[in-house]
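[1] make a model of this:
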Amino acid sequence: MRNRTLILSKGFAILCALLVTNLYAISSSAQDALSSNVNESLIQLAKAKSKKQQDKSFTDKRPNILIIVADDMGWSDIGPFGSEIRTPSLDKMADAGLKFTQFYVNPACSPTRSSLMSGTDHHLTGMGTNAEILSEEQRRNPEPGYEGYLNDRVVSVADTLKDSGYQTFMAGKWHLGEEEEHWPDKRGFQRSFALMQGGASHFGDEAPMCNDYYPIYAEDGVRTHTPDDFYSSTYYANKIIDYLETRDKNKPFFGYLSFTASHDPLHVPDEWIDKYKGQYDAGPDTIRKQRFIQQVKMGLFPADTKLWEIPNPPEGHPQHVPQWQERPQHVRAYSARVMEVYASMIELMDQEIGRLINYLKKTGQYDNTYILFFSDNGANAAGMASYPNTGEEWVARNSDNRYENIGRKGSRNAIGFEWAVTANTPLRLVKGTIAEGGTRSPLIATGPGIAHGKRSDALLHVMDMTPTFLKIAGVSHPKQYKGNDVLPIQGKSMFTILKGESKSVRSDQDTLGWELIGLRAMRIGDWKATRLAPPFGESKWQLFNMDDDPGEAKDISSEYPKKLQTLIKAYEEYDEQNGVVEITIDMDL
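    Here you go, the predicted model:
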């Protein structure tokens, strides 16, 4: 372009020189005619330049980026990670790309999404904890980083990409601020259909997930409602396809498909209710062992990996839980039915992912699109009654939880602790904790230059997403945005791993820290220290070697006390650097 511009400039300079040389040899009328000709030439040159500038937009061949996020889905809930749940679309995606075994997120929905959008630790982004557990006083006078919405100390990656020429759009769960000034259209998304809260009915009745938690939906910044035939996964995928259909095809796109599946309440359309009938009658422990056998066959874990066992006091203790076969048949049937619906939700979500990918292929956009799929945290173990200001009485009074209505409109069911642990096989614990079951997520990536059917054990974090997207787009992270100083990115681009140019982006000395509601963890290389408060632990630090013990089944703190102290010190530094404020809550599972 520079050479062509130079030729045009020289041509215009020669024309001017000829005009000056011959000016006095031309009559007045001839001068007028010549002036008219020159003006016409200038107009044509301007038009040519304008057209070339327009043509330049047609040559913007930067890759598209599509993020697909599942909600509260466990590490082993899809085929590429050992599940019996049918996920053919994600199976194909793994065969066509790269799956990651050590990709980490934050322990809960909003914290993960804030790091995804910013590339920064969630304690700095405004989501130090989920907004729903903040007290009224904490909401009115929030500590920095605990505002309950994505704050102005960070810039959304959607804003940065939009300003660089990307078309940006999202559909699904937002959960980064309920007030209008914090909706996705204010944080860089040119098109959006979003649920602002953490969850709701998956149907068009817009029933609240829990007490006093009425859903807010908005499209492009305007409050709206769901249609009568709404089902979350299908509708959100439809919206993304609609936005793709109507976008400016001369620009690359940044899309964010944020499913609310498989977040409770667990719902599927009637034709999906019986897809897994009888599949889970054997109980969670049997299914967990079956998944682990499959994971070993797939090479995900060595055969001698020890599974973390759910603590169970001896018989006669008030907290003793009978073995599955010792429980009444109707109790087992009800629990298995809930898990059947959960599995159907995941398969249905997979179907919608496949439909979207097929659309990209049919329209010639797939080959130039990076697609990344992961879950925002581990599977959820808490029951519906455990949500703020809810309780068993509210659930019973406002729900139709009869066996025959499980999964249908009006029901409010969750899989519970044992099935959540199964969903996270072979990892310890569940969503909301800093154990592996709360923070390790399946990640699959496809796109230009990514090897097919490969696996990476690189240590990665959701904060790495933003710098990766910026690298793909050739864009720098701003130091200021809209008059505000912007925090630097903490994540590391994994672009070189995607391209097969490196195996890791972190050294054995790099640290990764976690904290949520007083639960703490620190990882350095293969070593991880955790401190879990009741009911998950005894409020003391434990130590694990993740290479030998990915399920955190054996505490080796007594064998390596110096190593433990090194990690505790690193956690204290993390706590100080990120402005952690410990907000604790009572948890009853």
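[2] okay, and Ala521 sits in which element?
    strand 519-524 (DSSP states H and E).
[3] by contact count, what packs against that strand?
    Packing contacts for strand 519-524, counted by 3 or more C-beta pairs under 8 Å, 6 or more residues apart in numbering; DSSP states H and E, involve strand 511-516, strand 527-531, helix 561-577. From N, CA and C alone the C-beta is placed, and that goes for glycine too.
[4] quick one: end-to-end length of stretch 364-381, please.
    Using C-alpha to C-alpha, to the nearest Å, the end-to-end distance of stretch 364-381 comes to 41 Å.
[5] Arg223 contacts Tyr217, correct?
    Yes - if you go by C-beta atoms under 8 Å, Arg223 and Tyr217 touch, sitting 7.3 Å apart.
[6] what ranges do the strands span in the stretch 1-150 of the chain?
    64-70, 98-104 (DSSP state E, counting those that start in this stretch).
[7] just the C-alpha atoms of the strand holding Ala521, please, in CSV.
    Listed next in CSV are the C-alpha coordinates belonging to strand 519-524 (Å, rounded to 0.1, in the frame of the first residue of the first chain):
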residue,chain,number,x,y,z
LEU,A,519,-10.4,-21.4,51.0
ARG,A,520,-6.8,-21.1,49.8
ALA,A,521,-4.4,-22.8,47.4
MET,A,522,-1.0,-22.2,45.8
ARG,A,523,0.7,-24.2,43.0
ILE,A,524,4.3,-24.0,42.0
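[8] and the angle from it to strand 527-531?
    170 degrees (axes from the mean of the first three to the mean of the last three C-alpha atoms, to 10 degrees).
[9] which SS class is Tyr370?
    Assigned with DSSP: H, G, I helix; E, B strand; the rest coil, Tyr370 falls in the strand class.
[10] what about the residue lying closest to it once chain neighbours are set aside, distance to Phe100?
    Among residues not flanking Tyr370 along the chain, Gly447 sits closest, at 3.4 Å (C-beta to C-beta, 6 or more residues apart in numbering). From Gly447 across to Phe100, the span is 14 Å (C-beta to C-beta, to the nearest Å).
[11] follow-up on the earlier one: closest one to Asn578 among the strands of the stretch 1-150 of the chain?
    Closest of the strands of the stretch 1-150 of the chain to Asn578 is strand 98-104, at 15.5 Å (criterion: C-beta to C-beta).
[12] average pLDDT for that closest one?
    What strand 98-104 shows for mean pLDDT is 98.
[13] same question for stretch 191-205.
    Here the average pLDDT along stretch 191-205 is 98.
[14] likewise for stretch 131-139?
    Stretch 131-139 comes out at a mean pLDDT of 85.
[15] quick one: contacts of that stretch?
    110, 142, 146, 148-149, 177-178, 198, 213, 387-388, 517, 583, 585 (C-beta atoms under 8 Å, 6 or more residues apart in numbering).
[16] and of the strands of the stretch 1-150 of the chain, who's closest to Asp91?
    strand 98-104 (10.4 Å).
[17] who's in contact with the closest one?
    With C-beta under 8 Å, 6+ apart, strand 98-104 has contacts from 80-81, 300, 374, 439-446, 450-451, 454-462, 497-498, 512, 546.
[18] compare Arg223 and Tyr217 and say which is more crowded by neighbours.
    Tyr217 (18 against 11; other C-beta atoms under 10 Å).
[19] please name the bridge partners of that one.
    Leu195, Thr224 (DSSP bridges).
[20] hmm, which helix or strand of this protein has the shakiest average pLDDT?
    helix 2-22 (a mean of 31; mean pLDDT, DSSP states H and E).
[21] ok, back up a step: the contacts of strand 98-104 in helices, which ones?
    439, 497-498 (DSSP state H).
[22] for those residues, which one is nearest Gly255?
    Leu498 (17.6 Å).
[23] now do the closest one, the pLDDT please.
    At Leu498, pLDDT is 97.
[24] and what of Trp183?
    98.
[25] which residues sit in contact with it?
    Trp183 sits in contact with 174, 177, 192, 194, 196, 218, 221, where contact means C-beta under 8 Å, 6+ apart.
[26] now with 6 Å, please.
    Trp183 makes contacts with 218, 221, as judged by C-beta atoms under 6 Å, 6 or more residues apart in numbering.
[27] now it: how far from Ser156?
    12 Å.
[28] hey, what's in contact with both of these two?
    Counting by C-beta under 6 Å, 6+ apart, nothing touches both Trp183 and Ser156.
[29] so which of the strands of the stretch 1-150 of the chain is nearest Asp121?
    Nearest of the strands of the stretch 1-150 of the chain (C-beta to C-beta): strand 98-104, 12.2 Å.
[30] got the angle for the closest one vs strand 519-524?
    120 degrees.
[31] quick one: low-confidence parts of this protein?
    For the chain, residues meeting the criterion pLDDT under 70 lie at 1-59, 584-589.
[32] recalculate using a threshold of 50.
    1-57, 589 (pLDDT under 50).
[33] the domain parsing of it - what is it?
    2-48, 64-577 (automatic domain parsing).
[34] can you pull the contacts of the residue nearest the centre of the chain?
    Relative to the mean C-alpha position of the chain, the nearest C-alpha, by C-alpha atoms, centre = their mean, is the one of Val69, at 4.3 Å. Contact partners of Val69, counting by C-beta under 6 Å, 6+ apart, are 258, 376.
[35] now Val155: closest residue in space, sequence neighbours ignored.
    Tyr481 is the one closest to Val155 (C-beta to C-beta, 6+ apart), at 4.2 Å.
[36] for the one you found, what are phi and psi?
    Per-residue torsions, Tyr481: phi -150, psi 120 (degrees, to the nearest 10).
[37] you'd agree it is up against Ser156?
    No - the criterion here is C-beta atoms under 6 Å, and Tyr481 misses it with Ser156 at 9.0 Å.
[38] still on that earlier bit, and the domains of the chain, which is most packed in?
    domain 64-577 (a mean of 20; mean count of other C-beta atoms under 10 Å).
[39] how long is that domain end to end?
    Note: domain 64-577 ends 34 Å apart using C-alpha to C-alpha.
[40] quick one: distance of that domain to the chain centre.
    Mean-position distance between domain 64-577 and its chain equals 6 Å (C-alpha atoms, centre = their mean, to the nearest Å).
[41] quick one, strands of the stretch 351-500 of the chain?
    369-375, 440-446, 454-456, 460-461, 480-481, 484-485.
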